[in-house]
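# Give me a model of this one.
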Amino acid sequence: MFDLKRRGTLKAGLLVFASAMLMAGCSKKEEAKPAETPAPAAAPAAAKAEPLKVAFVYIGPTGDAGWTFAHDNARKAVEAAFGDKIKTTFVEKVPEGADSERVFRDLASQGNKLIFGTTFGYMEPMLKVAKEFPDVKFEHATGYKTAPNMAVYETKTFEGAYLAGIVAGKTTKTNKLGVVGSFPIPEVIRNINAFTLGAQSVNPKVTTRAVWISSWFDPAKERDAAMTMIGQGVDVLIQNTDSPATLQAAEEKGVHAFGWDSDMSAFGSKAHLGSAIIDWVPYYTQSIQSVLDGTWKNGETWWGVKEKSIDLVKINASVPEDVKKLVDDKKAALAAGSTHVFMGPIVDQSGKEVAAAGKEPEIGMLKGMNFYVKGVEGSIPK
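Coordinates of the predicted model:
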């Protein structure tokens, strides 16, 4: 028989044991776990820099095969070179005057921070808009006015004209050269004079005449001007206009001509003696990089053969090797800075000396050239 006293004693012992176990369990549950160190938060990704927006304003169509074509080829080249650092845009066939002012203002308002205007007649409209947008950099081709946020850039196209003149002087049979001119501004007058001086350096008998069409790009007028001079006995032509119409007219009539601003050899394989080209890539590369670097400055830049901005290319295979050597020698001297296209003595039509023997011309005379050199026939339109 079970002992009730013992049973009570056992029950009491079990209660004490259970109570102790319960207390031990509660104590274990309440023991705080060491706090885990949170993983460091990932650093926020750096915001990608917005590309520099660069705009180009063109006087002619991008397919003109000349001036505007050369600028737009350079735009494409720098966009490819800089990648996502820049974003370019362009507006073509923008007339000089009020239309260009509106375009410059629109482009600045759209967030473009570097704007190139690529013709002489954009100077005043760009200067006006530049004052309204002081945080935008403006650059004007071939002009002479600057502002704190507006620079001027130009190429020495007269060097290419001089090199072409050497070939022309050795090629002509009639000793009559012709130039299809756009507007009688210093840039164009320099090129007519340089072409003449280059030809005279190898053939003192040559004379040059010019027909002015009052347009940068008008293929019909360019052709008519070329045809007029061919009818007068001119057998080598060059132009300071933007289409290949002059070269095409020469091809048709069996005389010779040059490409201008771009390689135009495809437009007249027999007539084409060479192309006096402009390569804008070196300058546009430098200018864009300076804006990206924060080192951009206003001022004037004038690059030529030395800076690889001007060249005479695709000289016709029919041109004798000794003539090609004359071109190469002159090109090397220009690149070395040991000579100048307008190195004196230079005399004008009246026989007046405008640059003394052995002297380089003053920059003011070059920039403001308003006379024909001896050997150029006719007068400069007013």
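# Can you show me the helices along the chain?
Taking DSSP state H as the test, the helices found in the chain are 4-29, 67-82, 98-109, 123-132, 157-171, 186-200, 219-231, 245-253, 281-293, 321-336, 363-367.
# I'd like the distance from the second one to the chain centre, please.
Spelled out, it's helix 67-82. Computed by Cα atoms, centre = their mean, to the nearest Å, the separation of helix 67-82 from the middle of its chain amounts to 7 Å.
# now for that helix, which elements pack on it?
In this structure, helix 67-82 packs against strand 52-57, strand 86-91, strand 256-261, strand 272-278, helix 281-293, with contacts taken as 3 or more Cβ pairs under 8 Å, 6 or more residues apart in numbering; DSSP states H and E. C-beta: built from backbone N, CA, C; applies to glycine.
# Just put those in a markdown table and tack on mean pLDDT, mean neighbour count and distance to Gly117.
Written out in a markdown table, the entries for the helices and strands packed on helix 67-82 read as follows (pLDDT from 0 to 100; neighbours: other Cβ atoms under 10 Å; distance: least, Cβ to Cβ, whole Å):
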| stretch | mean pLDDT | mean neighbour count | distance to Gly117 |
| --- | --- | --- | --- |
| strand 52-57 | 98 | 22 | 5 |
| strand 86-91 | 98 | 17 | 10 |
| strand 256-261 | 98 | 29 | 17 |
| strand 272-278 | 98 | 25 | 16 |
| helix 281-293 | 98 | 17 | 13 |
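# would JSON lines of those with distance to Ile310 be doable?
Compiled in JSON lines, the helices and strands packed on helix 67-82 are given as follows (distance: least, Cβ to Cβ, whole Å):
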{"stretch": "strand 52-57", "distance to Ile310": "20"}
{"stretch": "strand 86-91", "distance to Ile310": "23"}
{"stretch": "strand 256-261", "distance to Ile310": "10"}
{"stretch": "strand 272-278", "distance to Ile310": "6"}
{"stretch": "helix 281-293", "distance to Ile310": "11"}
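# what's the closest of the ones you listed to Val305?
Val305 lies closest to strand 272-278 among the helices and strands packed on helix 67-82, at 10.8 Å (Cβ to Cβ).
# Can you list the strands that that closest one pairs with?
Take DSSP bridges as the rule and strand 272-278 pairs in its sheet with strand 256-261 (parallel), strand 310-313 (antiparallel).
# Mind putting the ones you listed into a markdown table with distance to Glu79?
Formatted as a markdown table, the strands paired with strand 272-278 follow (distance: least, Cβ to Cβ, whole Å):
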| stretch | distance to Glu79 |
| --- | --- |
| strand 256-261 | 20 |
| strand 310-313 | 23 |
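# can you tell which of those strands is closest to Arg105?
In this view, the strands paired with strand 272-278 are compared for proximity to Arg105 by Cβ to Cβ, and strand 256-261 is the closest at 27.8 Å.
# residues near His71, how many?
26 (other Cβ atoms under 10 Å).
# so what's Arg6 scoring on pLDDT?
In this model, Arg6 is scored at 33, pLDDT.
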